[in-house]
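Asker: the sequence and its predicted three-dimensional model are supplied below.
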Amino acid sequence: MSEPDSVSEWESGAKGRAAGPQPPRRPSKVLVTDLDGTLLGGDRTDRRRLRDALARHPEVTVVFATGRALSSVRELLRDPLVPRPRWIIADVGASVIDGATLTPVEPLQSRLRAGWPGAERVRAALRHIPGPAYQRGVAQDGRCSFHLRPEQLTRQLTDAVRALGCGWLYSADRYFDVLPAGADKGAATAALAAEQGWPMSSVLVAGDSLNDLSLFGLGAHGVIVAGAEPALLDAVPEADTVHRPDRPGAAGILSALQELGWTERTHPLVVGYHRPPVHWTPDGWRPPASPNGILPTLRSLFAANPQALWATSAVLEPAARPAPPQEHDTGLPLSFVALSPAEWAGYFHRACKETLWPVLMSQPERMSFDPAAWAHYREVNARFARHISAHAAPGATVWLHDYNLWLVPGLLRPARPDLRVGLFHHTPFPPPEVFAALPTAPEVLASLGCLDWAGFHTDAFAEHFRRVLAETSGAPRARLPRVGVHPLGIDRDAVAALARARRSRAGRAAGPLVLSVERLDYAKAPVEKVDAVAALLTRRPELRGRLRFRLVCPPPEAGITSYDTTRRLLERRIAEVNRAWGDGGWQPVEYLPHSLLLAEVVDHYLAADVFWVTSLQDGMNLAAKEFIAAQHAAGRCGALVLSRHAGAAAQLGAAALLTDPHSPEDLVDTLHRALTLAPEDRRIRLDHLAELLGHRHPADWAADITAAIRGHDAPRPRDRRRGRSHPTDVNTLVTGPR
């Protein structure tokens, strides 16, 4: 049974390019490689990686340069890990074969064999010289090969060969090859290159023994793989054009191809996150309006992992000609999956936001399923899987982020079983009865069951995931992923430094300021907040003219229509409440529907008396943590009202004022309580919140997760500032070994 490809059918065209003879063409790049010890060296994973890399780059023409005869090469080509050669230089350079037809290349081969006396004459002339032992059972054509010990390589022997009008090669302290005078691997390669029009600047030669030495005198690029014959290493001068990697065989060749830029480099850690830190505009690459969220954490991750790669998307108009990816000037190792606006709209705007998001928010009644949009979702996930597979080193760690890439694990598992694949959910994960409302639940669960590890912010979300996989018939029961609970934090020191630097800017108004900072989303309950403000003013008319609710609420990206109803209702209710309660220059609701820089957000944090989080469902809510860090650093004593359904409540609930946004009365009561807390109570609560928040850096969080995906036990997290362990920061829930 032949070994299956490690790049599966969804690697567009790769199998077709790799299989079968290719028609003659003028390539842009040529790999001329020895076989035994070189192309065939290394383990099967290394050989598979090289084969797949060459399959992805059909512009690299493969030429075998081997001591084997054609019959031996024929047998070798049955191995699925051996790339199909376009040309074969066999018999140590005495034979040149067309790889498409497996017939001699004439008259080139005849020129190389000019003056060859034949194997019988060679054997007869050397029969009475001590030492040479003819290699019986080894197919030979146009050459005569012997076994010979080093001390038997005498002047008598070499003079006898010259007297026949022949040349000779000795390699590996064992093999003595008698050849036509003009034949060796280098001469055959030079003749073939001249015939095909290959400049030596487009040729890479690869070898490991002295019979490859002639290849390294052509002026081409070269690679001597690790473990090569010491005599070859000594004979080839040090030069920038000759690579000497520390990997043997196929891995050494691939390393040289990557150094030359002929194939992509591979990475021990690949992060898949659909959102890039820059996006393409007519004016070039531009950063997002706000750097909050997961992006700063990923920046920290890549700063600590210089060999990591970030696979992300780039939405480009079909006619757009963006600058080269390296010109984004972020300092991050970004690798883009190019998508058209139509593909992005179907994938993200429709499938992610209209189908998956309502289920994640436990509001399946809002779900809209479009088979065409789901087809886009499948295709984008397949492209990410192909992209990640192409860039992941053997045994690499792959860290996926969020529901946007749910189908990638199922595509990677059969294609790259060597990878360790984990996915962290920044969103909530719904219970089984809600997840079952998703029309494609079996497809998603089949993929999620292929994970090595899945991560969540809270125990509750992790337990939902475990139950969904265990209880749903579409899930693979035999191999449940390991599950970890790792609540994400913020770069507290950075926020605190910014707050201390800007505390003099934050003025204090006569009346109380309630602040919310959130993107426009029905799951954040913005309309419910405005209704609660109106109800509070009705209940406490003395707050009229004093209370201000400031809602910083940036809109979603253009094209997402699933929030349009929420936006229209929110704006209508704000106008109604302000019209009903406004007086002169005072209005109860201040609406800021645009993105702000982090420094501007910190100014709002410092000005607020109450920070109000009312999420109906929320993975974490980092804004609440930023509010605590800013207030505490600046010596303020603001109160935090936190939804019971936000992930942050699991960590901060002991000191926050918890509220239930599903209860309009509770929203009003809890907000009123926050506004009437005594200053000392506020101070005690804020100090407690700051203690619960800790100083754990997101880079440590990321390091723990990459270790967890690999199956390593992460060290107990430590408070960076105080040096104390915080057992509550990271809990690990194991649901089954892989």
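Answerer: Happy to help now that I have it.
Asker: so residue 254 touches residue 265, yeah?
Answerer: No. Assessed by Cβ atoms under 8 Å, residue 254 is found out of contact with residue 265, at 9.6 Å. For glycine as for every other residue, the C-beta is placed from the backbone atoms N, C-alpha and C.
Asker: quick one: which of those two has more around it?
Answerer: residue 254 (27 against 16; other Cβ atoms under 10 Å).
Asker: now do the more buried one against residue 84, distance only.
Answerer: Distance of residue 254 to residue 84, computed by Cβ to Cβ, to the nearest Å: 17 Å.
Asker: what do you get for residue 233?
Answerer: Distance from residue 233 to residue 84, by Cβ to Cβ: 30 Å.
Asker: neighbour count winner among these two?
Answerer: For residue 233 versus residue 84, neighbours defined as other Cβ under 10 Å are more numerous around residue 84 (18 against 12).
Asker: which SSE is the more buried one in?
Answerer: Per DSSP states H and E, residue 84 falls between elements, in no helix or strand.
Asker: next, it: phi, psi?
Answerer: Main-chain torsions, residue 84, degrees, to the nearest 10: phi -70, psi 120.
Asker: can I assume it is in contact with residue 76?
Answerer: No. Counting by Cβ under 8 Å, residue 84 stays clear of residue 76, with 10.9 Å between them.
Asker: what lies in contact with stretch 360-377?
Answerer: 343, 345-347, 350-352, 354-355, 358-359, 403, 407, 427-431, 434, 437-440, 522-523, 562, 616-617 (Cβ atoms under 8 Å, 6 or more residues apart in numbering).
Asker: measure stretch 214-234 end to end?
Answerer: Stretch 214-234 stretches 14 Å from its first residue to its last (Cα to Cα, to the nearest Å).
Asker: average pLDDT for that stretch?
Answerer: Stretch 214-234 shows a mean pLDDT of 96.
Asker: report the buried residues of that stretch.
Answerer: The neighbour-count check on stretch 214-234 (16 or more other Cβ atoms under 10 Å) flags 214-218, 220-226, 228-229, 232 as buried.
Asker: can you check stretch 335-343 too?
Answerer: In terms of neighbour count (16+ other Cβ under 10 Å), stretch 335-343 has its buried residues at 335, 336, 337, 338, 339, 343.
Asker: start and end of that stretch, how far apart?
Answerer: Start-to-end span of stretch 335-343 (Cα to Cα) is 18 Å.
Asker: tell me who's in contact with residue 192.
Answerer: Residues in contact with residue 192, defined by Cβ under 8 Å, 6+ apart, are 63, 87, 89, 96, 105, 108, 198.
Asker: could the residues you listed be laid out in a markdown table, adding secondary structure?
Answerer: Below are the contacts of residue 192 laid out as a markdown table (DSSP: H, G, I helix; E, B strand; the rest coil):
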| residue | secondary structure |
| --- | --- |
| 63 | strand |
| 87 | strand |
| 89 | strand |
| 96 | strand |
| 105 | coil |
| 108 | helix |
| 198 | coil |
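Asker: most neighbours among the residues you listed, which one is it?
Answerer: Neighbour max across these (other Cβ under 10 Å) = residue 89, 32 neighbours.
Asker: mean confidence for stretch 580-598?
Answerer: 93.
Asker: how far off centre is the top strand by length along the chain?
Answerer: Using DSSP state E, we find that the single longest strand of the chain is strand 392-401. Distance of strand 392-401 from its chain centroid, counting by Cα atoms, centre = their mean, to the nearest Å, is 7 Å.
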